[in-house]
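Novice: one predicted model, sequence on top.
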Amino acid sequence: MRSIRARLLASLLGALLLAVLVLAGATYRNALHETEALFDYQLKQMALSLRDQGEIAPGSADADLDFVVQIWSVDGRAIYASRPHPALPTRAILGLADVQVGNQTWRTYSVATFSRVIQVAQPRQIRERVAADAAWRAVLPLLLMAPVLALAVGWLVQRSLAPLQRLSREVKLRDAESLAPLPDGGLPDEVAPLVGSLNALLQRLGAAFDTQRAFVADAAHELRSPLTALKLQVQLLGRVRDEAARAEATAALAAGVDRATRLVEQLLTLARNEPGSRQPTLKPLDLGALVQQALADSATLALARGSTLALDAAPGLVVQGDNAGLTALARNLADNALRHSPPGATVQVSVQRQGDVAVLTVDDSGPGIPEPDRAQAFDRFWRREPAHQGMEAAGGSGLGLAIVKGVADRHGARLSLETSPLGGLRVVCVFPLGADA
């Protein structure tokens, strides 16, 4: 039984039925007991009222009474009976007593005076029937109220669960695109936290979907330009007849393919580090060794530009991280620094310990980023105006720092942009050290 309504109804109606049965049994028992006591009291009062009377005329008693009055003289001679009866008690036991006469039991009360013995008797069968009738009359209202109480319990359960039913209908009528918050007015205290959590989840889903839609739109826009350029370069390559022009067009086409490939790779890396995407388990990594390997991947670009990558890494700086993510972070920082620095420049990379954190620093000698623009430098596809940067920088995808920011956030690292002593940009990434550092 998984329905809350069915459970509540079953438990409440079961408790109600049990309570009614116990109460009805107790009431019936008490009514029998009190009726029995009342009959005994009547026997006693009748006997005592006759104790001080004089002679009682025969036939003076009401023949319709259930009581039988008998009087004996002190020597045991019967001198009075209120009505004839085939089987009456023939002896008196002083006080209250049960006397068996034939197949019938009599309840008697006897009192003695100096001249006679008075006995008032009543058949127990009559007493029990009258007592049972009185007891049933006492129990009957309770039994009649039980169905009314059951209906009231069912109505109260239905009314109490109405907010849940409204909430269920509200959720059922929604489609996959409807992420508006669920109504939270008039909800009971037990349901309000659940609805609040659902609304928070819907808000996060909405933000994730908006981010995804924006990412897809931006990616489509960014891919359109390099693909169009590749198409034009292919067409140009097909029209040229001169070998020198053909070689130049082929080189331009290869460069365009490289730029498109890099853009696609960065888009995939950014998608893997988006909030809500499935992330690999973090494990202990040597940050210095990992950065060294990432710089080796950027050596080709450094050689092509005639630049130098200088690394100063302290050994044994262990952080909890994802190898692929941290490698992408270090490689993008190195590539950005190389692309924004003049050809033949030196890019300095440092991995050092400062207290209980590991600090990764990348310095370049490029144009840098003015302080007012640093807040938006981590936005996806953000680029400075071409007038403020070199040609290489102008051709960038605008994804490098966005990828770095996503990886840093996932690793709990602090990221900041500063002015480099080399005259360009300094990127500082601070990682908490792992337990094995």
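Specialist: Thanks, I have the structure now. Residues are numbered from 1 along each chain as shown.

Novice: drop to CA atoms for contacts and neighbour counts, all remaining ones
Specialist: OK.

Novice: where do the helices of the stretch 151-300 of the chain begin and end?
Specialist: 162-172, 192-239, 243-272, 287-297, 299-305 (DSSP state H, counting those that start in this stretch).

Novice: between those, which gets nearest to Ala180?
Specialist: Distance to Ala180, taken as Cα to Cα, is lowest for helix 192-239 among those, at 7.2 Å.

Novice: just checking: what are the partner strands of the strand or helix carrying Val99?
Specialist: Using DSSP states H and E, Val99 falls within strand 95-101. If you go by DSSP bridges, strand 95-101 pairs up with strand 104-112 (antiparallel).

Novice: average pLDDT across the strand it pairs with?
Specialist: What strand 104-112 shows for mean pLDDT is 80.

Novice: pull the CA atoms of it into PDB?
Specialist: Presented in PDB, the C-alpha positions along strand 104-112 are these (Å, rounded to 0.1, in the frame of the first residue of the first chain):
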ATOM      1  CA  GLN A 104     -34.900 -20.300  37.500                       C
ATOM      2  CA  THR A 105     -32.600 -18.000  39.500                       C
ATOM      3  CA  TRP A 106     -34.000 -15.300  41.700                       C
ATOM      4  CA  ARG A 107     -32.300 -12.200  43.000                       C
ATOM      5  CA  THR A 108     -33.600 -11.600  46.600                       C
ATOM      6  CA  TYR A 109     -33.200  -9.200  49.400                       C
ATOM      7  CA  SER A 110     -34.500 -10.200  52.900                       C
ATOM      8  CA  VAL A 111     -34.800  -8.300  56.100                       C
ATOM      9  CA  ALA A 112     -36.000  -9.500  59.500                       C
END
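
Novice: can you name the residues in contact with it?
Specialist: 40, 43-44, 47-48, 51, 89, 92-100, 117-125 (Cα atoms under 8 Å, 6 or more residues apart in numbering).

Novice: among these, which are in strands?
Specialist: Of the contacts of strand 104-112, the ones assigned to strands by DSSP state E are 95-100, 117-123.

Novice: among the helices and strands of the protein, which has the poorest mean pLDDT?
Specialist: helix 391-394 (a mean of 40; mean pLDDT, DSSP states H and E).

Novice: C-terminal to that helix, what's the next element?
Specialist: Next along the chain after helix 391-394, taking DSSP H and E as the criterion, comes helix 400-410.

Novice: how confident was the prediction at the residue positioned nearest the centre of the chain?
Specialist: Central residue of the chain (Cα atoms, centre = their mean): Leu194, 5.2 Å from the mean position. If you check Leu194, the pLDDT there is 80.

Novice: repeat that for Gln354.
Specialist: What the model reports for Gln354 is a pLDDT of 90.

Novice: also Ala176?
Specialist: 68.

Novice: repeat for the one 5 residues further on
Specialist: Per-residue pLDDT puts Pro181 at 78.

Novice: for Leu167, see how far away it is.
Specialist: With distances taken as Cα to Cα, to the nearest Å, Pro181 is found 11 Å from Leu167.

Novice: so which bits of the strand holding Val99 are buried?
Specialist: By 16 or more other Cα atoms under 10 Å, the buried positions in strand 95-101 come out as 96, 99.

Novice: go on, stretch 293-308?
Specialist: Of all the residues in stretch 293-308, those buried under the rule 16+ other Cα under 10 Å are 294-295, 297-299, 301-302, 305, 307-308.

Novice: SS state for the residue of the chain positioned farthest from its centre?
Specialist: Within the chain, the residue lying farthest from the chain centre (Cα atoms, centre = their mean) is Asp75, at 90.7 Å. What DSSP: H, G, I helix; E, B strand; the rest coil gives for Asp75 is coil.

Novice: identify the bridge partners of Leu311.
Specialist: Beta-bridge partners, per DSSP bridges, of Leu311: Val349.

Novice: tell me the pLDDT of Thr211.
Specialist: Taking Thr211 on its own, its pLDDT is 67.

Novice: related to what we said a few turns ago, would you list the phi and psi of the residue farthest from the centre of the chain?
Specialist: phi -90, psi 10 (degrees, to the nearest 10).

Novice: which one of the helices of the stretch 151-300 of the chain lies nearest to Arg7?
Specialist: Comparing the helices of the stretch 151-300 of the chain by Cα to Cα, helix 162-172 comes nearest, at 14.9 Å.

Novice: need the contact partners of the closest one.
Specialist: 182-183, 186-188, 191.

Novice: which one of those residues sits closest to Asn332?
Specialist: Leu182 (41.9 Å).

Novice: model confidence over the strand holding Val99, on average?
Specialist: 79.

Novice: ok, Thr346 to Asp356 distance?
Specialist: In terms of Cα to Cα, Thr346 sits 29 Å off from Asp356.

Novice: neighbour-wise, which of these two wins?
Specialist: Thr346 (20 against 11; other Cα atoms under 10 Å).

Novice: assess the claim that that one and Leu303 are in contact.
Specialist: No - between Thr346 and Leu303 there is no contact under Cα atoms under 8 Å: 11.4 Å.

Novice: quick check, Gly368 in a helix?
Specialist: No - counting by three-state DSSP, Gly368 is not part of a helix but coil.

Novice: any idea how far Ala337 is from it?
Specialist: Where Ala337 is concerned, Gly368 sits at a distance of 9 Å (Cα to Cα).

Novice: do Arg426 as well
Specialist: 9 Å.

Novice: so between those two, which is more surrounded?
Specialist: It is Ala337, of Arg426 and Ala337, that has more neighbours when counted by other Cα under 10 Å, with 28 against 24.

Novice: is the spatially closest residue to Arg414 that is not a sequence neighbour in a helix, a strand, or coil?
Specialist: Counting by Cα to Cα, 6 or more residues apart in numbering, Arg414 lies nearest to Val430, which is 5.1 Å off, once chain neighbours are set aside. Look at Val430: counting by three-state DSSP, its state is strand.
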